[in-house]
Every structure is written in structure tokens, then in C-alpha cells.
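1. Sequence unavailable; structure follows:
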């Protein structure tokens, strides 16, 4: 079972790194990667909110993984990352979306690792994604092994 989990983590990590593309991963913490590559504002002022020049909007995205203990997770929100975390886990980021990103969307996702279920069997940890306070995806309490994903517009 451990080999399956490790293999799944490698596949998910590879998919996130190739599928989401473009992030340089070198930005300052707290600064969303999508706006760094397509921002129309030359200064990119820190701490901005609401609509900006060029029709930009800011969306608050929260990724959550429930459960107890430690597990591996892979997520894409302010860059692509894989971490070992203590559950429950929560990450909130602000994404600054250009007008073009608002039309096509920016993919955010979280793929939780396995946790013991009530029957003692390993299963994916429950995850949710909320955008601006509204729940937009969940993995049906761990029933969807692909985790949670949503295009933020």
C-alpha cells in the first residue's frame, strides 16, 4: 500500500509540474505565481486588493485537507508544491487575476495523501477548495482519489 501511495504522489507531482506549467517558483512567499507571469501592472504593489489597473481582480482561495496525523499533499495555488503536513491543514492565498486569466481561469488543486479510515483502511484525506468564501470543490469525504481542483476566474 505504501508503494501505491508513493507512486501516486510521484505521478501527481509530475502532473502538477507539467500540467500547470510556467511557475518559476522563485517568487516571494505570499505573492501568487500567476500574477507574476502575466501582470499588466509594472509595479505589482504588495498588499493590493480588489480590482486593479487593466481589469485585474483578486480572489481569495483556501485549500483544506481534513483528518489527523501526518500525510503528503501536493497542491497548486501560489506555485506547485509537495509537502508533508500535519492534519488538519489549511492554506489561504490571494490570486491576482489579469483580464485574460479571468476569462480562461487559473487552475488550483490539492491532492491529499492517505489517512486511515474508520475501518482502518487507508483512503485519501478529505479536501475542499473555497474561492471568496464559497465552496467550489471537494472530494466527497475522500471518495475521489484525484483530490480537488477548480479553475478560478
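-> On my side now, so go ahead. Predicted, not measured: the structure shown is a model, and the values here were computed from it. Numbers count the residues shown, from 1 in each chain.

2. which residues in this protein form strands?
-> For the chain, applying DSSP state E gives strands covering 57-76, 80-97, 106-112, 114-116, 122-124, 127-131, 134-138, 148-152.

3. so what does the longest one touch, helix or strand wise?
-> By that I understand strand 57-76. Judged by 3 or more CB pairs under 8 Å, 6 or more residues apart in numbering; DSSP states H and E, the packing partners of strand 57-76 are helix 2-20, strand 80-97, strand 106-112, strand 114-116, strand 127-131, strand 148-152. C-beta coordinates here come from the backbone N, C-alpha and C atoms, glycine included.

4. List the strands paired with that strand, with their directions.
-> strand 80-97 (antiparallel), strand 106-112 (antiparallel), strand 127-131 (antiparallel) (DSSP bridges).

5. buried set for it?
-> Within strand 57-76, the residues that count as buried by 16 or more other CB atoms under 10 Å are 57-59, 61-67, 71-76.

6. what's the angle from it to strand 134-138?
-> Interaxial angle of strand 57-76 relative to strand 134-138 (axes from the mean of the first three to the mean of the last three CA atoms, to 10 degrees): 20 degrees.

7. cool, the last one as well?
-> Relative orientation of strand 148-152 versus strand 134-138 (the same axes, to 10 degrees): 140 degrees.
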